[in-house]
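J.: here is a sequence together with a model predicted from it:
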Amino acid sequence: MSRLSVNINKIATIRNARGGNIPDVLQAAINSERFGADGVTVHPRPDERHIRYSDVRAIRPVITTEFNIEGYPNEQFLKLIEEIKPHQVTLVPDPPDALTSNAGWETKSHLDFLRPVIRRIKEAGCRTSIFVDTKIENIQYAVDTGTDRIELYTEPYATDYHENREAAIEDFVKAAEKARELNLGINAGHDLNLDNLAWFKMNIPWLDEVSIGHALISDALYYGLENTIQMYKRELLKR
């Protein structure tokens, strides 16, 4: 069964817009777990414009579900990982000023960079995942980095879904099949939502995990967080 990890960055974005502690990011993490999320995801950035490093430290001891930390592996990030020891670390190639993750790793050209980083993270006892597109070469070289999983960058799928969902999913199925052939676990994320999630899962039934933030937190404004998490989990059960 594919697992749902709730990215709570947007909760922190709302809090930071006003200052103070409303909404409470720590409570959002606790509630996400209580309402059925299989994991909680955060993506601290160097400027701490949403999730802060202090949030990460506060969340780790109060949840028992999977804790997934995303980010670019600079030294500050890696030291946080070694301190916190989350269950999973997802590496993204974002520059510090990126608005959001918008590309996957070119694993061949970054192989010498990623290998020691992933080795260091594994020495901290964490599962690793790297953000990639559907280019087969990037998946093949992902194996050489030593990563446990890949996370498929799904914005192109989401963009094309309503125009032609069969065509939109095609490259993702091929990429997932290659990853499975190479014994890589498969995660996915970026712009997955209540409209397109079920079709993605139905076509890639061996999908390990999806990480969803912006759409899920936005839907929670209308439906409530508990109901929304359950709605997303039902989408992952459709066949």
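T.: Sure thing, it's come through.
J.: where along the chain do the strands fall?
T.: Using DSSP state E, the strands found in the chain span residues 3-7, 39-42, 66-71, 88-91, 127-132, 149-153, 185-189, 209-212.
J.: any idea how far the residue nearest the centre of the chain lies from R165?
T.: The central residue of the chain, meaning the one whose C-alpha is nearest the mean C-alpha position (Cα atoms, centre = their mean), is S211 at 4.0 Å. The gap separating S211 from R165 is 21 Å, by Cβ to Cβ, to the nearest Å. (Glycine included, C-beta is placed from N, CA and C.)
J.: check R120 too.
T.: For R120, the distance to R165 (Cβ to Cβ) stands at 40 Å.
J.: could you do R149 as well?
T.: Using Cβ to Cβ, we find R149 at a distance of 25 Å from R165.
J.: circling back: quick one: closest of the strands of the chain to Q230.
T.: Of all the strands of the chain, strand 3-7 sits nearest to Q230, with 9.8 Å by Cβ to Cβ.
J.: for D160, list the residues it contacts.
T.: Residues touching D160, when contacts are defined by Cβ atoms under 8 Å, 6 or more residues apart in numbering, comprise A167, A168.
J.: one more pass at 6 Å, please.
T.: Contacts for D160 (Cβ atoms under 6 Å, 6 or more residues apart in numbering) come out as A168.
J.: kindly report the same for T13.
T.: Applying Cβ under 6 Å, 6+ apart, the residues contacting T13 are H50.
J.: and it, what pLDDT?
T.: The confidence metric pLDDT takes the value 96 at T13.
J.: how far away is it from D38?
T.: 23 Å.
J.: N74 too?
T.: For N74, the distance to D38 under the criterion Cβ to Cβ works out to 28 Å.
J.: who's more crowded, the two?
T.: Here N74 and D38 are compared on neighbour count by other Cβ atoms under 10 Å; more neighbours surround D38, at 19 against 11.
J.: can you get me a residue count around the spatially closest residue to the more buried one that is not a sequence neighbour?
T.: Counting by Cβ to Cβ, 6 or more residues apart in numbering, the nearest residue to D38 once its immediate chain neighbours are dropped is R3, at 3.7 Å. For R3, the tally of surrounding residues (other Cβ under 10 Å) stands at 17.
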